[in-house]
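Asker: Please work out how this folds:
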Amino acid sequence: MHETRDGFIHVASLAELEAKQRLVVKGRRCPLLVVHHQGEVRALDNRCPHLGFPLHKGSLQDGILTCHWHHARFDLASGGTFDLWADDVPTAEVRIEGGEVWVAAECRLRDEPAVHWRRRLADGMEHDLGLVIAKAVLGARAAGVPDLALVGDAARFGARMRDGFGIGMTILTALANALPALPDEEAYLALFQGIRRVAQDCAGQEPRRDRAPLEGSAASFATLRRWFRQWTEVRHRNAAERTLLTAIASGADLAEIADLMLTAATDRPFADGGHALDFVNKAFECTDLIGAQHAALILPTVVAQLVAARGSDEQNAWRHPIDLVPLMAEAFAALPQAFAEGAAWRGEFAGHAALAEELLAEEPRPILAALLRAIRAGALAADLGRALAYAAALRIARFGTANEFSDWDTALHVFTYANAVHQLLGRVERAHADGGHPEGVRGVFQGAMALYLTRYLNQPPARLPDGSDSDLPEDGDDLLRQLLDAFDRQQQLNPSARLVARYLALGHPAAPLIATLAHALLREDAGFHTFQMFEAGLRQYRAWDGGTPGRNILIAVTRYLAAHSPTERARFQTATIARRLQHGGRVHQTDEAVDDAPD
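Answerer: From the prediction side, this is the model:
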């Protein structure tokens, strides 16, 4: 046991340390390596910051300490790393009094912890270093950095370092949206997964080139709105971006900007398989998360895809054997009158679930007619979007396993598009006080036709479990454990759906179930669409506030997750290693030389 005094630990006499060159003592939070080298005494954390290997087993030459496990190299005096993937080694103050060496019981970083870890997060993103990102997220959170501040760091990086919004930014935003519903461990995994995907998306990409608003422009917002649609239609990216930036600089609020972009996006039906509009929605949600002051940075990143997107009216399935384009045009022409007729009952519509079932009809004309009837009955634009999203969720919940695996994505695209339409219409309602939006609501009709074209995915439909299976446990924790076990095996669609239905039918709280589904997602090397499915499902579940529709939506999420599990879980391993290192654990076997080091 080493003597302690005033926060310092006695190491040895200076003569003994000079003879032995290095000694390890037990610090308050970590083992301390004390070194005599080139006439100086230095002390630092004995754990290599990369993976925790004991640095006293490394080599020391010319002031450079080298860890032998992965050959990370450090400046002995400062602890600074020469290899960005390794991180800096915290150092400890040394005092020599009366020929005796004393070392501070705790190490310190050169910067304040919050500053250090946010800087390391930037390093990890710039060089696409997964373990560095994971450790930085943990370190920053432990230092009190808010989760949304880390989301903001990553979003601003992603907006600048890649020309386009991309799947990484979409995943980051989707997982950040889910953070309030997640326990601490899942929140950490969500941040790591989202930020890592942004870094991967930006790796090797050319940085984005900024454009500027039209300085001194006197154009009204209505004029800018027309211009933006025109430039989008003729695929003039620079003009469209400068027009958008001018609208933002003019002081237009986000509801008006969303109206402008939604209208342009729906000029091309179900563009890019729904991704174009989904990315527009996610760009607005990202702006909500990190602050409206960043709108000019985030929102223009989706313009390139919006301008280049191809409408589904260019695809044969939309034109033959039934030409859906003139049918939609006929319905669009009826929209102003339908909204006028429903004005007296606006906001009183309650037939969302029944409308959703009508949207699953086998012919397109009844589907379009059902939407017009709902508008005449007082449905708000967002009411239509909610019904469409539920119908699309039912398509996934009833997905027949006789279909090809790639068909899951076909169903997914309609659902995430419908969720985006729902969210955007709710956002722009503030710009349309009467609750109608004849141009933006075209997105619902277009989504309904995309849903119609996926009707084969429910031939025959999978049975929706109702939770009455008495062969399953009643205890909520047992059901959730069995659910995670099911995700450990391939293609457990129906068993996992039965467990979720049983859990909800017994009245167990939804929060632990959602946390379990989140963990099942975040431990996997999940693809882009799986993240989309989880977040859109969570949003739609909240929109229904439980009940039968909410249960069916969570069943849809569960079946999709089960179809895409398990994976290798390499990213989860990285996140777990970072967690163990933060807790002082060792990812290797050590010998008696460091037995006095705390775990």
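Asker: Return, as residue ranges, the portions of the stretch 301-450 of the chain with sub-threshold pLDDT.
Answerer: Counting by pLDDT under 70, the low-confidence segments of the stretch 301-450 of the chain come to 430-437.
Asker: And the helices in it?
Answerer: Assigned helices in the stretch 301-450 of the chain, in chain order: 303-308, 324-341, 352-358, 364-376, 381-397, 407-428, 442-452 (criterion: DSSP state H, counting those that start in this stretch).
Asker: Now render these as TSV, adding mean neighbour count.
Answerer: In this view, the C-beta of every residue, glycine as well, is placed from N, C-alpha and C. Converted to TSV, these look like this (neighbours: other C-beta atoms under 10 Å):
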stretch	mean neighbour count
helix 303-308	21
helix 324-341	16
helix 352-358	18
helix 364-376	19
helix 381-397	28
helix 407-428	25
helix 442-452	26
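Asker: After whichever strand or helix holds V198, which helix or strand is next?
Answerer: Remark: V198 resides in helix 184-202, with elements defined by DSSP states H and E. The helix or strand immediately downstream of helix 184-202 is helix 221-233, counting by DSSP H and E.
Asker: Could I get the contacting residues of the residue nearest to H50 when sequence neighbours are not counted?
Answerer: Nearest-residue entry for H50: A86, 4.4 Å, with adjacent residues in sequence omitted and distances by C-beta to C-beta, 6 or more residues apart in numbering. Applying C-beta atoms under 8 Å, 6 or more residues apart in numbering to A86 gives the contacts C48, P49, H50, C67, H70, A72, R73, F74.
Asker: so is A86 in a helix, a strand, or just coil?
Answerer: Secondary structure assignment for A86 (DSSP: H, G, I helix; E, B strand; the rest coil): coil.
Asker: For it, give its distance to L65.
Answerer: Distance of A86 to L65, given as C-beta to C-beta, to the nearest Å: 11 Å.
Asker: which residues are common contacts for those two?
Answerer: Common neighbours of A86 and L65 are listed as R73, F74 (criterion: C-beta under 8 Å, 6+ apart).
Asker: domains in the protein, as residue ranges please.
Answerer: 4-110, 113-202, 221-308, 315-397+408-415+432-458, 476-572 (automatic domain parsing).
Asker: For A578, find the nearest of these.
Answerer: Nearest to A578, of all the domains of the chain, is domain 113-202, at 3.5 Å by C-beta to C-beta.
Asker: quick check, distance from that closest one to the centre of its chain.
Answerer: 9 Å (C-alpha atoms, centre = their mean, to the nearest Å).
Asker: Next, the distance between the ends of that domain.
Answerer: End-to-end distance for domain 113-202, by C-alpha to C-alpha, to the nearest Å: 26 Å.
Asker: residues contacting the residue lying farthest from the centre of the chain?
Answerer: Within the chain, the residue lying farthest from the chain centre (C-alpha atoms, centre = their mean) is G98, at 57.4 Å. Neighbour list for G98: empty [criterion: C-beta under 8 Å, 6+ apart].
Asker: again, only using 10 Å
Answerer: Contacts for G98 (C-beta atoms under 10 Å, 6 or more residues apart in numbering) come out as S13, L14.
Asker: name the helices or strands packed onto the helix holding V198?
Answerer: Here helix 184-202 touches helix 113-127, helix 130-142, helix 147-161, helix 166-178, helix 510-522, helix 528-544, helix 570-582, going by 3 or more C-beta pairs under 10 Å, 6 or more residues apart in numbering; DSSP states H and E.
Asker: Just list what the fourth one packs against, helices and strands only.
Answerer: With contacts taken as 3+ C-beta pairs under 10 Å, 6+ apart, helix 166-178 sits against helix 147-161, helix 184-202, helix 275-290, helix 407-428, helix 510-522, helix 528-544.
Asker: Output that helix as PDB, nothing but the C-alphas.
Answerer: Output in PDB follows, covering the C-alpha atoms of helix 166-178 (Å, rounded to 0.1, in the frame of the first residue of the first chain):
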ATOM      1  CA  GLY A 166     -27.600  11.100 -47.600                       C
ATOM      2  CA  ILE A 167     -28.500   8.100 -45.700                       C
ATOM      3  CA  GLY A 168     -26.200   8.900 -42.800                       C
ATOM      4  CA  MET A 169     -28.000  12.100 -42.000                       C
ATOM      5  CA  THR A 170     -31.300  10.400 -42.300                       C
ATOM      6  CA  ILE A 171     -30.300   7.700 -39.900                       C
ATOM      7  CA  LEU A 172     -28.800  10.200 -37.500                       C
ATOM      8  CA  THR A 173     -32.100  12.200 -37.500                       C
ATOM      9  CA  ALA A 174     -34.300   9.200 -37.200                       C
ATOM     10  CA  LEU A 175     -32.300   7.900 -34.200                       C
ATOM     11  CA  ALA A 176     -32.200  11.400 -32.600                       C
ATOM     12  CA  ASN A 177     -36.000  11.600 -32.900                       C
ATOM     13  CA  ALA A 178     -36.200   8.400 -31.000                       C
END
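Asker: Would you mind giving the orientation angle of it with respect to helix 184-202?
Answerer: Inter-element angle recorded for helix 166-178 and helix 184-202: 160 degrees (by axes from the mean of the first three to the mean of the last three C-alpha atoms, to 10 degrees).
Asker: what is the mean pLDDT for helix 166-178?
Answerer: Predicted confidence along helix 166-178 averages 97 (mean pLDDT).
Asker: closest to E126 out of the helices of the stretch 301-450 of the chain?
Answerer: The minimum distance between E126 and the helices of the stretch 301-450 of the chain falls on helix 303-308, with 22.6 Å, by C-beta to C-beta.
Asker: contacting residues around that closest one?
Answerer: 163-166, 208, 211, 228, 231-245, 261, 264-265, 267-268, 271-272, 275-277, 279-280, 283.
Asker: The least confident helix or strand in the chain by mean pLDDT pairs with which strands, parallel or anti?
Answerer: Least confident helix or strand of the chain, by mean pLDDT, DSSP states H and E, is strand 4-5 with a mean of 80. Take DSSP bridges as the rule and strand 4-5 pairs in its sheet with strand 8-13 (antiparallel).
Asker: mind listing what's buried in the strand it pairs with?
Answerer: F8, I9, H10, V11, A12 (16 or more other C-beta atoms under 10 Å).
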